[in-house]
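>>> Return a 3D structure for these sequence lines:
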Amino acid sequence: MALDPSALGFTTEPLLHEYTWQDVVLYNLSIGARRDTELHLLFEGADKAGPVVFPTYAVIPAWPAMLKLFDAVGGDMLGIVHGGQSVTLHKPFAPQGRVTTVGRVAGVYDLKRLAQTTFVSETRDESGELLCETSWDIIFRLDGGFGGEKPPKAEKVRPPERDADFVVQEATRTEQALLYRLTGDHNPLHADPAIGEKAGFGQPILHGLCTFGHVARHVVNAACGGDASRLRRLEGQFRKPVWPGDTLVTSGWQEGDHLVVEMRTLERPDDAPFSNARAFIDPA
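Numbering: from 1, shown residues only. So this is what the prediction gives:
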């Protein structure tokens, strides 16, 4: 099925997402939360209100809307990779509850050999109050050349030429992608060695959103004193694949009202799989 540029503007109906504290804990485990330092993310009894819903959980209620947007734009699913992601939090999620999400195709772009779509979403609580917004840039490696517009140029975010204000190093598990897919993204690219080989990666790769969640945890633990409610926005681009079992090395530099963020791996230090990235946090 070819990519359909006429899907621009397609908007989903409001999609209900019901979640329990078990769903919250599963997500937090899938992005690497640790018992020794992050028990408040993993145990419903660690806080009177229940387990803390980590800010990047925002992508979970948005995922069903994203699937409908993928159906609307078409394209060759074997060739898709995650190009960029942002999450903006307006208020914390309750430890369990019901929320609704509306997704929209905000862009369909032609990069000659490749194509790109931009999907956006808004998630609201039961009272209709806005909880969070997300934006997803998706690269279609096999669907370019349809004569469409080029995407707008992304703002360049480069680390300053000085030592980072923090560096966090954390190993992922070889089963990390298999754990993360239990949160809803069942793309076999992250589980089936044959699909990983066919897609040109040689093996299954880690979900971009799993990497994104790990980086967000690193920012929260290093720059927010472990208080996840202070993280208001995280945005960045996925430039290289990450493999389950890689050791992630996240660095951050305070620059004005935001942090410049970059994530490399210990195994391939010359590459920056997550970069052109910024985090905005509330003061303590």
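>>> Going by C-alpha atoms from here, please, whenever you check contacts or count neighbours.
OK.
>>> Okay, now the unreliable bits of the stretch 1-150 of the chain?
Filtered on pLDDT under 70, the stretch 1-150 of the chain yields the residue ranges 1, 46-48.
>>> again, only this time at 90
Low-confidence segments of the stretch 1-150 of the chain (pLDDT under 90): 1-2, 44-50, 76-80, 144-148.
>>> the strands in the stretch 1-150 of the chain, which residues?
15-19, 80-89, 97-111, 114-124, 130-140 (DSSP state E, counting those that start in this stretch).
>>> Indicate which one of those strands is closest to Leu178.
Minimum separation from Leu178 across the strands of the stretch 1-150 of the chain (Cα to Cα) falls at strand 80-89, 17.5 Å.
>>> Dump that closest one to CSV, restricted to CA.
Taking C-alpha atoms only, strand 80-89 is exported to CSV below (Å, rounded to 0.1, in the frame of the first residue of the first chain):
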residue,chain,number,x,y,z
ILE,A,80,9.3,2.6,8.9
VAL,A,81,11.5,3.9,11.7
HIS,A,82,11.0,6.5,14.4
GLY,A,83,12.5,9.8,13.4
GLY,A,84,11.6,12.1,16.3
GLN,A,85,9.4,12.4,19.4
SER,A,86,8.2,15.0,21.8
VAL,A,87,6.1,14.8,24.9
THR,A,88,4.6,17.8,26.7
LEU,A,89,3.0,17.4,30.1
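>>> helices or strands up against it?
strand 130-140, strand 231-238 (3 or more Cα pairs under 8 Å, 6 or more residues apart in numbering; DSSP states H and E).
>>> from the middle of its chain, how far away would it be?
Its chain's C-alpha centre and that of strand 80-89 lie 5 Å apart, by Cα atoms, centre = their mean, to the nearest Å.
>>> Run the chain-centre distance for the strand or helix carrying Tyr180.
Assessed by DSSP states H and E, Tyr180 sits inside helix 176-180. Helix 176-180 sits 14 Å away from the centroid of its parent chain (Cα atoms, centre = their mean).
>>> And stretch 83-93, by the same measure?
On Cα atoms, centre = their mean, the centre of stretch 83-93 falls 9 Å from the chain's centre.
>>> residues of that stretch that come out buried?
By neighbour count with 16 or more other Cα atoms under 10 Å, stretch 83-93 contains the buried residues 83-90, 92-93.
>>> got it, and stretch 3-15?
For stretch 3-15, by 16+ other Cα under 10 Å, it's 3, 5, 7-8, 11-12, 15.
>>> next one: stretch 49-67
50-66.
>>> Now intersect these with the helices, please.
59-66 (DSSP state H).
>>> Take those residues and lay them out in a markdown table including distance to Leu111.
Formatted as a markdown table, those follow (distance: Cα to Cα, whole Å):
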| residue | distance to Leu111 |
| --- | --- |
| Val59 | 26 |
| Ile60 | 29 |
| Pro61 | 30 |
| Ala62 | 26 |
| Trp63 | 25 |
| Pro64 | 27 |
| Ala65 | 25 |
| Met66 | 21 |
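>>> Show me which of those residues is closest to Asp163.
Val59 (31.6 Å).
>>> Return the residue spatially closest to the closest one, with its sequence-adjacent residues excluded.
Leaving aside its chain neighbours, Val59 sits nearest to Thr134 (7.0 Å; criterion: Cα to Cα, 6 or more residues apart in numbering).
>>> wait, what's in contact with the residue nearest to Leu69 when sequence neighbours are not counted?
Distances taken as Cα to Cα, 6+ apart place Val105 nearest to Leu69, at 6.4 Å, with adjacent residues excluded. Val105 is in contact with 7-11, 69, 117-120, counting by Cα atoms under 8 Å, 6 or more residues apart in numbering.
>>> Try it again at 7 Å.
7-11, 69, 118-120 (Cα atoms under 7 Å, 6 or more residues apart in numbering).
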